[in-house]
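Peer 1: Fold the following and give me the result.
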Amino acid sequence: DFNKVFDLISRYSKGKNILDYGCGNGIFLYQISKYDYHCTGVEMNNHLINSLHNEFPEIKFIDLKEFEESNQMFDVILLSNVLAHLTNPNELLKTLKSKLKENGIIVIKGPLEDNFHFVLIFKKIYFLLKRKLGVISHHSPTLLFQLTKRNMLMMFHQNGLHPLDIV
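Peer 2: Got it, this is the predicted structure:
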């Protein structure tokens, strides 16, 4: 996974200032920092941010409020499995676009629900069988909506973003 994203970043960006919005465990930033990138990670959980500061002191980690108030601009912004968890992904894309330097790029990583992938095929068959058998799930969904290539392209268009590559 890292190699694919790193290859895209290397191909489309000459800048070295990167933001990972929704950085989770910070491992992507740690890996890319080895290539002389100036890294910033954004997370909403302050306890996680404190842990990340301790684990990766060479990387800057900030919360949502600090990010929104910051004037810092980025060459690369990474969103890895973030958009499907948001109530208004277009609002976030507008905010992120305003934080891009000229010729900056936004890299958006999965999950695209209509990709050909064994796990996704199994998931579709599983839920189809559950519906046919009348089995009702009683758990909360983890994604607010499903991302497809089509609705991602619509979001890009609505926000004045132009896809360079879709993998």
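Peer 1: Next, count neighbours for K101.
Peer 2: K101 sits with 15 neighbouring residues when counted by other Cβ atoms under 10 Å. Backbone N, C-alpha and C define where each C-beta goes, glycine included.
Peer 1: Pull the contacting residues for it.
Peer 2: Residues in contact with K101 (Cβ atoms under 8 Å, 6 or more residues apart in numbering) are 15, 17, 73-75.
Peer 1: Among those, the buried ones, what's the ChimeraX command?
Peer 2: Here is the ChimeraX command that selects only those of the contacts of K101 that count as buried (16 or more other Cβ atoms under 10 Å):
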select :15,17,74,75
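Peer 1: Let's have the contacts of K101 in CSV, adding pLDDT and secondary structure.
Peer 2: Shown next, in CSV, are these (pLDDT from 0 to 100; DSSP: H, G, I helix; E, B strand; the rest coil):
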residue, pLDDT, secondary structure
G15, 96, coil
N17, 98, strand
M73, 98, coil
F74, 98, strand
D75, 98, strand
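Peer 1: distance of the residue lying closest to D1 once chain neighbours are set aside from N3?
Peer 2: Leaving out its chain neighbours, the residue that sits closest to D1 by Cβ to Cβ, 6 or more residues apart in numbering is K109, at 7.9 Å. Here the criterion is Cβ to Cβ, to the nearest Å. By it, K109 lies 13 Å from N3.
Peer 1: repeat for R150
Peer 2: Here the criterion is Cβ to Cβ. By it, R150 lies 27 Å from N3.
Peer 1: Now do the one helix or strand K65 maps to: everything it contacts.
Peer 2: Element membership for K65 (DSSP states H and E) is helix 64-69. Outside helix 64-69, the residues that touch it by Cβ under 8 Å, 6+ apart are 21, 42, 44, 95.
Peer 1: And it, what's buried?
Peer 2: Going by 16+ other Cβ under 10 Å, helix 64-69 has these buried residues: F67.
Peer 1: and the residue nearest to D1, how far is that from N81?
Peer 2: Distance from K109 to N81, by Cβ to Cβ: 6 Å.
Peer 1: More neighbours: which of the two?
Peer 2: K109 (17 against 14).
Peer 1: one step back: out of the contacts of helix 64-69, name the two that are farthest from one another.
Peer 2: M44 and T95 (14.0 Å; Cβ to Cβ).
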